[in-house]
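structure, please.
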Amino acid sequence: MQEILEMVRVVAVFYLLEQVVLNLLPGTGYEKYVKFYLGLLLVVLLLQPVFRIFRLAEQMDEQALTQMLEWEEELE
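Predicted coordinates:
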């Protein structure tokens, strides 16, 4: 239950900051690009609990580290 409340809190704060950013834009020329970027950030925020449940972040970190080590060996 605490996890759900924390997620709702994060999304609410994000939404408020999104509205501030959209209102601070000088014109409508870049509005669709800013909305797209903010939408991507929202997706990442919503996926964080899923990553924590399945420990995907740890697995991705391990894979990235092994890939970096392989690249370093290839460079040498």
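
only C-alpha atoms from now on, for both contacts and neighbour counts.
Noted.

mind listing the helices for the chain?
Along the chain, counting by DSSP state H, helices occupy 2-24, 31-54, 56-75.

what's the second one packed up against?
With contacts defined as 3 or more Cα pairs under 8 Å, 6 or more residues apart in numbering; DSSP states H and E, helix 31-54 has these neighbours: helix 2-24.

what comes up buried for the helix it packs on?
Residues of helix 2-24 classed as buried: F14, E18, L22 (neighbour count, 16 or more other Cα atoms under 10 Å).

how about the last one: what's its closest non-neighbour residue?
It refers to L22. Of all residues not flanking L22 in the chain, E31 sits nearest, at 7.1 Å (Cα to Cα, 6 or more residues apart in numbering).

any idea how many residues pack against that neighbour?
15 (other Cα atoms under 10 Å).

same deal with L41?
13.

per-residue pLDDT, it?
L41 is assigned 93 on the pLDDT scale.

about what we covered before: ok, the residue nearest to L22 to L42 distance?
16 Å (Cα to Cα, to the nearest Å).

what residues does the helix or strand of the chain with the lowest mean pLDDT touch?
None of the helices or strands of the chain scores lower by mean pLDDT, DSSP states H and E than helix 56-75, at a mean of 84. With Cα atoms under 8 Å, 6 or more residues apart in numbering as the test, helix 56-75 has contacts from F51.

repeat for stretch 5-21
L38, L42, L45, L46, P49.
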